[in-house]
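In: could you work out the structure for the sequence below:
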Amino acid sequence: MLNQLNSIEHHCQTLYKRIEKKSNLYNVSDLPFIFIGGHTNTGTDLMGNILDTHSMVRCRPKPIITKFLLRYRKNRLHSMERLVESGITAAVLNNAVAAFIATIIKEMGPRTPRLCHSDLESFDYLEDLNILFPKGKFIHIVQDGRATIASEIARNINSNYTSENITEAILTWDDVTTQTLEDCENIGSEKCLTLTFNLFNYSIMFLKLALFLLCMTVLYDDVCAAANDTTTATAEKEKHAKVDKSVKNADKDNHDDEKDEDEEDDLKVHPVGAKSEKKTEDVEVVDEPVVDDVNITKK
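Out: Numbers count the residues shown, from 1 in each chain. The predicted model follows:
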């Protein structure tokens, strides 16, 4: 599996260099951003740091200004009359906001094939980000709400959450998380991935994340097909292995049942008591003379 992932990564780097030479890869409509979000204190910063260690990904600290741009855009879309009179349509506004956000993210650090945007409050505008960046990928991090709220209260992250209103805080967490899950489902599983951050099962989690990120629309169509073929082949092998195992277990059970039936038939024909009586009748007990070794030696 590691060799396959290394081969896919090499293929991705080759494709990126080839496309970057001739293209407008960083046009807003083609930007393959990675957006990370979720409720506060769920592991989004840790996920961003993990992705940032990869040479093909750059995931800087959250740009604070992004949420204000998204909020302004959403508010203006509800009252576009005066803007339209000035020649500013919804498409113009979307392009301007997307270009502004893209410029901020690109200029925050060195250029890499994948640029990551990790901002909890910006992730509240999940469907809006999907409209602005149709080639982007979205990672939604989820943890147990009770643990999340308890950690926020202990660390005093949110002044609205205290030990006196724990129930209200958990209900707020539930509303926010439910809304994000619905938005993620509306976007589609090929673009939005919900991960339960679990370090006890990190290998499966990161493999799932790696395959999800490798299947980026702009660069990795071929890689996606190869990864899907590999995944399908592996799934088919596992399926056949399970079927073979089930058949073997069924044959073993049938063999055991037949053996039990044969033993029951033998018991019916030759009861245990009859066998012991027959053996007792057939065997004659012969009294053998006791030989005295001492007397023989003396003679």
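In: can you name the next helix or strand after the stretch of helix or strand Glu182 belongs to?
Out: In the assignment (DSSP states H and E), Glu182 maps to helix 166-187. Following helix 166-187 in sequence order, the next helix or strand is strand 192-196 (DSSP H and E).
In: show residues contacting that following strand.
Out: 47, 126, 130, 137-143, 181, 183-185, 205, 208-209, 212 (CB atoms under 8 Å, 6 or more residues apart in numbering). C-betas here are computed from N, CA, C, even on glycine.
In: tell me which of those residues fall in strands.
Out: Judged by DSSP state E, strands contain the following of the contacts of strand 192-196: 137-142.
In: output the below-cut-off pLDDT ranges for the stretch 101-250 of the chain.
Out: For the stretch 101-250 of the chain, the stretches flagged by pLDDT under 70 are 198-208, 210-250.
In: tell me where it has helices.
Out: 126-132, 145-155, 166-187, 202-214, 221-269 (DSSP state H, counting those that start in this stretch).
In: now the shortest one - C-alpha only, CSV.
Out: The reference is to helix 126-132. Extracted C-alpha coordinates of helix 126-132, given in CSV (Å, rounded to 0.1, in the frame of the first residue of the first chain):
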residue,chain,number,x,y,z
LEU,A,126,-19.5,25.8,3.6
GLU,A,127,-22.0,26.0,0.7
ASP,A,128,-20.8,29.5,-0.1
LEU,A,129,-17.2,28.4,-0.3
ASN,A,130,-18.3,25.5,-2.6
ILE,A,131,-19.8,28.1,-4.9
LEU,A,132,-16.8,30.3,-4.9
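In: which other helices and strands contact it?
Out: For helix 126-132, the packing partners by 3 or more CB pairs under 8 Å, 6 or more residues apart in numbering; DSSP states H and E come out as strand 34-38, helix 65-77, helix 90-107, strand 137-142, helix 166-187.
In: apply 10 Å and report the result again.
Out: When contacts are defined as 3 or more CB pairs under 10 Å, 6 or more residues apart in numbering; DSSP states H and E, helix 126-132 packs onto strand 34-38, helix 65-77, helix 90-107, strand 137-142, helix 166-187, strand 192-196.
In: related to what we said a few turns ago, what angle sits between the helix holding Glu182 and strand 137-142?
Out: 150 degrees (axes from the mean of the first three to the mean of the last three CA atoms, to 10 degrees).
In: check which helices and strands helix 166-187 is in contact with.
Out: Counting by 3+ CB pairs under 10 Å, 6+ apart, helix 166-187 packs on strand 34-38, helix 126-132, strand 137-142, helix 145-155, strand 192-196.
In: for the residue lying closest to Val97 once chain neighbours are set aside, the count of nearby residues, please.
Out: Ranked by CB to CB, 6 or more residues apart in numbering and with sequence neighbours excluded, the top spatial neighbour of Val97 is Arg73, at 4.7 Å. Using other CB atoms under 10 Å, Arg73 has 21 neighbouring residues.
In: which residues touch Arg73?
Out: 90, 93-94, 96-98, 100-101, 125, 128, 131-132 (CB atoms under 10 Å, 6 or more residues apart in numbering).
In: quick check: it vs Phe100, distance?
Out: Between Arg73 and Phe100 the distance is 10 Å, computed by CB to CB, to the nearest Å.
In: check Thr40 too.
Out: For Thr40 relative to Phe100 (CB to CB), the value is 25 Å.
In: how about Leu83?
Out: 16 Å.
In: Arg155 too?
Out: Using CB to CB, we find Arg155 at a distance of 32 Å from Phe100.
In: the more surrounded of these two?
Out: Phe100 (16 against 10).
In: measure how buried the closest residue to Leu132 other than its chain neighbours is and give me the count.
Out: In this structure, Leu132 finds its nearest non-sequential neighbour in Ala98, 4.0 Å apart by CB to CB, 6+ apart. Residues within reach of Ala98, counting by other CB under 10 Å, total 21.
In: give the contact list for Ala98.
Out: 28-29, 31, 69, 73, 128-129, 131-134.
In: which of those count as buried?
Out: Neighbour-count burial (16 or more other CB atoms under 10 Å) is assigned, among those, to 28, 31, 69, 73, 128-129, 132-133.
In: the residues you listed: which two are farthest apart?
Out: Leu31 and Arg73 (16.7 Å; CB to CB).
In: beta partners for Ile141?
Out: Under the criterion DSSP bridges, Ile141 forms beta bridges with Gly38, Leu195.
In: what's the separation between it and Glu121?
Out: From Ile141 to Glu121 the distance is 14 Å (CB to CB).
In: list the contacts for Arg146?
Out: 166, 169-170, 173.
In: kindly recompute the last result at 7 Å.
Out: Ile170 (CB atoms under 7 Å, 6 or more residues apart in numbering).
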